[in-house]
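S.K.: Quick one: sequence and predicted model below, then my questions.
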Amino acid sequence: MQLGANTSSSGAVILLIPLAVFVLYVVAGWKIFAKAGEPGWGIFIPIYNLYLVCKISGRPEWWLILFFIPLVNIVIGLIVAMDIAKSFAKSSGFGIGLWLLNFIFVPILGFGPAQYTPPAALSHA
């Protein structure tokens with residue numbers, strides 16, 4: 001029984017699929033930031049990308065700190081996802097999808113025709 005050839009080709013596929021998903025996600029995130037008038041390269045910098053997400057959602061920059069508090073970050077993530085969906089003229093259902101199924105809804109938002117509309121003067125700051 002020769003397992004060597006099949007195992008190595010299976011391993012390559014197993015490595016390539018997550019890599020392709022990662023590249024798709026990064027490009028979609030870049031496009032979302034660009035649509036919002038922010039630098040796309042911000043997607044690569046770990047804490048700065050959360051800062052930009054807060055900015056795009058219309059929430060104050062200090063909300064970035066709330067992402068590092070356990071359990072609070074879950075609620076903040078939902079609120080920010082809902083705000084981002086609203087900023088791109090999407091429904092609250094899309095916002096929940098953006099929060100729960102981020103890897104699916106980020107590419108939909110990034111590659112789709114949705115246009116960014118800044119939140120009204122940070123009215124909920």
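M.R.: Arrived safely, thanks for sending. Numbering: from 1, shown residues only.

S.K.: Please enumerate the helices of this protein.
M.R.: Secondary structure of the chain (DSSP state H): helices located at 4-35, 46-57, 63-66, 72-87, 92-100, 102-111.

S.K.: wait, which of those is closest to residue 120?
M.R.: Go through those one by one with CB to CB and the one that ends up closest to residue 120 is helix 72-87, at 10.0 Å. Using the backbone N, CA and C atoms, a C-beta is placed for each residue, glycine as well.

S.K.: So which other helices or strands are in contact with the closest one?
M.R.: Here helix 72-87 touches helix 46-57, helix 63-66, helix 92-100, going by 3 or more CB pairs under 8 Å, 6 or more residues apart in numbering; DSSP states H and E.

S.K.: and the angle for it with helix 46-57?
M.R.: Interaxial angle, helix 72-87 versus helix 46-57 (axes from the mean of the first three to the mean of the last three CA atoms, to 10 degrees): 50 degrees.

S.K.: what's next to helix 72-87, contact-wise?
M.R.: Contacting residues not belonging to helix 72-87 are listed as 36, 53-54, 56-59, 63, 66-67, 91-92, 94-96, 98-99, 102, 109, 116-119 [CB atoms under 8 Å, 6 or more residues apart in numbering].
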